[in-house]
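**Q** My questions are about this predicted structure, shown below with the sequence.
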Amino acid sequence: MPFFRAFSRLSNCLFLPRSYEVFIAEICQHPTTRPLLFSPLYIKLFMRTSKPNTQSTAIDCNLNAEKMTNQNSKIQAPCQVCGKSVLVDPYGNGFCENCGWVQNREYGKYPDDVRYPNIVSFNKAKRLFAEGKPLSPSFEDFIEGLKFYKEMQFDYDGKTYGVLIRENDSVHFYLFHSLVNYQIYPSVSDFHEKAHINGTPLSSLWSNVVNAGYMVE
C-alpha cells in the first residue's frame, strides 16, 4: 500500500501544470514520494512530461556557488588568548600569528584541558602569553595531548620522533623512518616514566625538543 500511495501522489505531481521548481519541491516534501525521486519510474515519467527551466537552474547554481563562497569566506575576530585581530572561518577556526593560539569553539568548554588543535590548555596559554612566553608544551602537556589525540610527534636534535597509542593502550615510541631504538610501553604512564633517547630520559631532554604537537604525517 505505501508504494501505491506514493505512486498516486507522484502521478498527481507529474500531470498537474506547475514549474519545475515547484514540482521538485512537492516531490521532496513528502516522505513517501521522496525515495521515488531517483527511481527509473520517476525518470521515465518525468522525461515524458516535464522539461527543466534551464534559466532557473543556472540561477540555482549561481546561488549555490555564492553560498559556498560565503561559507569559505573569513572574517576578522579578536584572538581568544591575546586579543589581536585574527582571520577566522565561519566555524570560528583560525591561527593567531601573534601568539600562536589556534582559534576554535571548544576552548571555553575545557579551559584547563589539552585538546586538539592546541597543545596547551586555554588557561595555560593565557598565562604564558601574559608572562611573555611562547605557547610551548611541557612534557606533561605533551602527555595530555597524547591521551586525547593518540598520535603525537616532536623534533629533537634534527630528527623527528613519533608516539602512538595502539588499540591495546600500549605506547609505541620511535624515530621516523627507522626501526632503531623502537620502544613499546604497556601504558602512557610507563612511557611517561621510562621513555628515553639513547639512554637519556625523554623528560630530561624536553627543554631541547621543538615542534611538539599532533602528528601530521
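**A** Cool, got the structure. All of these numbers come straight from a predicted model, not from anything done at the bench. Residues are numbered from 1 along each chain as shown.

**Q** C-alpha only now, for contacts and for neighbours.
**A** OK.

**Q** which residues of the chain fall in helices?
**A** For the chain, the helices defined by DSSP state H cover 2-15, 20-28, 40-49, 54-72, 122-130, 139-149, 188-194, 202-205.

**Q** low-scoring stretches of the chain, by residue?
**A** Applying pLDDT under 70 to the chain picks out residues 1-72, 217.

**Q** do that again at 90, thanks
**A** Along the chain, the parts satisfying pLDDT under 90 run over 1-74, 106-107, 167, 179-181, 216-217.

**Q** List the residues that contact Gln105.
**A** Careful, residue 105 is Arg; it's not Gln. By Cα atoms under 8 Å, 6 or more residues apart in numbering, the contact set of Arg105 is 91-93.

**Q** measure the closest residue to Cys99 other than its chain neighbours to Glu151 for me?
**A** Spatially, and ignoring its direct neighbours in sequence, Cys99 is nearest to Cys82 (6.6 Å; Cα to Cα, 6 or more residues apart in numbering). To Glu151, Cys82 is 28 Å away according to Cα to Cα, to the nearest Å.

**Q** of these two, who's got more company?
**A** Legend: neighbour count by other Cα atoms under 10 Å for Cys82 and Glu151, higher for Glu151 (20 against 16).

**Q** Separate out the buried members of the contacts of Arg105.
**A** Buried members of those, scored by 16 or more other Cα atoms under 10 Å, are Asn93.

**Q** Turn the contacts of Arg105 into CSV, columns for distance to Arg105.
**A** Shown next, in CSV, are the contacts of Arg105 (distance: Cα to Cα, whole Å):
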residue, distance to Arg105
Tyr91, 8
Gly92, 6
Asn93, 8
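
**Q** just the contacts of Arg105 now: which is nearest Gly145?
**A** Of all the contacts of Arg105, Gly145 sits closest to Asn93, with 19.1 Å by Cα to Cα.

**Q** so that closest one makes contact with Asn104?
**A** Yes. Under the criterion of Cα atoms under 8 Å, Asn93 makes contact with Asn104 at 5.0 Å.

**Q** Can you check which residues contact both of these two?
**A** When Cα under 8 Å, 6+ apart defines a contact, no residue borders Asn93 and Asn104 alike.

**Q** Show me what the nearest residue to Val163 once chain neighbours are set aside bridges to in the sheet.
**A** Residue nearest to Val163 in three dimensions, not counting chain neighbours: Phe173, with 4.6 Å by Cα to Cα, 6+ apart. As for beta bridges, Phe173 partners with Val163, Gln183 under DSSP bridges.

**Q** residues contacting Phe173?
**A** Phe173 neighbours (Cα under 8 Å, 6+ apart): 161-164, 182-184, 195.

**Q** could you flag which of the residues you listed are buried?
**A** The neighbour-count criterion (16+ other Cα under 10 Å) marks 161-164, 183-184, 195 among these as buried.

**Q** Let me know how buried Ser203 is, in neighbour terms.
**A** Using other Cα under 10 Å, Ser203 has 17 neighbouring residues.

**Q** Tell me who's in contact with it.
**A** 139, 192, 195-196.

**Q** quick one: which of the residues you listed has the most company?
**A** Using other Cα under 10 Å as the neighbour test, those are led by Ala195, with 21 neighbours.

**Q** Isn't it up against Ser204?
**A** No. Look at Ala195 against Ser204 with Cα under 8 Å: they stay out of range, at 10.2 Å.
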